[in-house]
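# attaching a predicted model along with its sequence, questions to come.
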Amino acid sequence: MIDTSWHEGLRNVPGFSLPVLSSAGLESRASRIAERVVKAHRFLSKTLEFEPPSALLVLSIADWPSRSGTQVYGMPHFRAGNLIVAGQSADFWQGFVSMIREESAESLKRAEEVYRGPNGSIDFSPFFDMLSALPFSSGMAYRVLRQSLPTCLRCLCRT
């Protein structure tokens, strides 16, 4: 079951096999993230033989507190049938830059090469976009387990 109350006021991003919604101005970013999420959803549905209703919410900093269920803007998570991801760069992500800088100049140089953003600074948005499939897959696995567990326990108790 999807909690659609979080969808109010968001923009529908058409063209996907599951509902994709975004904060105003983030529709193109939502489309890019949705391409990966839809592939993950398709793969997991086939693998788990279970296709739960799910939606993708790509949120702005302003929309995050009322819809995410977590205070840390930028941490992808799955809640109430909604995969919730950040649509803008997050301070949380920039904390990783500080850790890398303290760890090693070589690691910082590599991060700059791989994640250089349009303004020249490190932008971890592509990494967190890719990471968005992780809470989604965990959420699906949890739903499968929750659905299957009562049946499995009944079978075990009969033997």
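Alright, I've got the coordinates.

# for the rest of this, base every contact and every neighbour count on C-alpha atoms.
Noted.

# domain ranges for the chain?
Per automatic domain parsing, the structural domains of the chain span 1-89+124-146, 90-123.

# now those domains in CSV, with mean neighbour count?
Converted to CSV, the domains of the chain look like this (neighbours: other Cα atoms under 10 Å):
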stretch, mean neighbour count
domain 1-89+124-146, 18
domain 90-123, 14
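
# which SSE is residue 57 in?
Assigned by DSSP states H and E, residue 57 belongs to strand 55-59.

# that strand packs against which elements?
With contacts defined as 3 or more Cα pairs under 8 Å, 6 or more residues apart in numbering; DSSP states H and E, strand 55-59 has these neighbours: strand 20-22, helix 27-48, strand 82-86.

# what do you get if the cut-off is 6 Å, keeping everything else the same?
Using 3 or more Cα pairs under 6 Å, 6 or more residues apart in numbering; DSSP states H and E, the elements in contact with strand 55-59 are strand 20-22, strand 82-86.

# what angle separates the longest one from helix 27-48?
In this case it means strand 82-86. 140 degrees (axes from the mean of the first three to the mean of the last three Cα atoms, to 10 degrees).

# output the contacting helices and strands for strand 82-86.
Strand 82-86 packs on strand 55-59, going by 3+ Cα pairs under 6 Å, 6+ apart.

# ok, and what's touching the strand it packs on?
Applying Cα atoms under 6 Å, 6 or more residues apart in numbering, the external contacts of strand 55-59 come out as 18-23, 30, 82-87.

# ok, back up a step: as JSON lines, the domains of the chain with mean pLDDT would be great.
Shown next, in JSON lines, are those (pLDDT from 0 to 100):
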{"stretch": "domain 1-89+124-146", "mean pLDDT": "85"}
{"stretch": "domain 90-123", "mean pLDDT": "86"}
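
# still on that earlier bit, list every C-alpha atom in the strand holding residue 57, with coordinates, as PDB.
What follows is strand 55-59, C-alpha atoms only, in PDB (Å, rounded to 0.1, in the frame of the first residue of the first chain):
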ATOM      1  CA  ALA A  55       6.100   5.300  -6.000                       C
ATOM      2  CA  LEU A  56       9.200   7.400  -6.400                       C
ATOM      3  CA  LEU A  57       9.300  10.900  -4.800                       C
ATOM      4  CA  VAL A  58      12.100  13.200  -5.800                       C
ATOM      5  CA  LEU A  59      12.000  16.100  -3.200                       C
END
